[in-house]
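Asker: I would like the atomic coordinates for the input below:
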Amino acid sequence: MSDKYFKKALADFTLDFASGDAIRALADKGYSVSEIHKRLDFPTPVERIRETVWKHYIDTGVILLEEPSDNSPKKRVTYEKVQDSLGRTSFKQVIVEDNNLKEYVEIDFGKRLYRDRKTFEKTLDVLSLEDRQYILDLPWPLEIVWHVKNERMERILQKLQEK
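Answerer: Got it, this is the predicted structure:
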């Protein structure tokens, strides 16, 4: 049992060390999971990229699992590169209060996707390939989430409402 746990922890560490920062940086630039997978040099399973992007979006406040409250400062997770006395590089997790209040939109893609995948995918046909892939690549939960109101999400919602 502990050997299995150790092997999984080692594999997770190796994948995160090899491609975790690249995945998070590309996600911040707006790339979908599929686009990130194509750009990585280190062979990383798509499912691992999906998990890393989703966790990163939650950690940075791009996606909220609870309805945002307007009056409390948000906390977000960032990573700082640090070097020890021998020159070895590692990353330290830092929690930062983010006083920039962001606007969010309510998203129910998970409910719609799992209720009737074919119909939902047909609905997404009005979107560009990149926007469509962005939605289909993320592991939307079955409940409502809140996505930061950015250019991409505004464009997606506008196109879906026009249909």
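Asker: From now on I want contacts and neighbour counts done on CA atoms only, so please keep to that.
Answerer: OK.
Asker: Just give me the neighbour total for residue 90.
Answerer: Using other Cα atoms under 10 Å, residue 90 has 12 other residues around it.
Asker: Need phi/psi at it.
Answerer: phi -140, psi 180 (degrees, to the nearest 10).
Asker: Could you measure from it over to residue 43?
Answerer: Distance of residue 90 to residue 43, given as Cα to Cα, to the nearest Å: 21 Å.
Asker: Over to residue 85?
Answerer: To residue 43, residue 85 is 31 Å away according to Cα to Cα.
Asker: which of those two has more neighbours?
Answerer: More crowded of residue 85 and residue 43, by other Cα under 10 Å: residue 43, with 11 against 6.
Asker: Please, where are all the strands along the chain?
Answerer: Ranges of strands within the chain are 63-64, 74-83, 89-98, 104-107, 145-148, based on DSSP state E.
Asker: Strand partners (parallel or antiparallel) of the third one?
Answerer: Put plainly, it is strand 89-98. strand 74-83 (antiparallel) (DSSP bridges).
Asker: Pull the residues that contact the strand it pairs with.
Answerer: With contacts defined as Cα atoms under 8 Å, 6 or more residues apart in numbering, strand 74-83 is touched by 59-61, 89-99, 101.
Asker: Looking at the strands of the chain, which is nearest to residue 2?
Answerer: strand 89-98 (25.3 Å; Cα to Cα).
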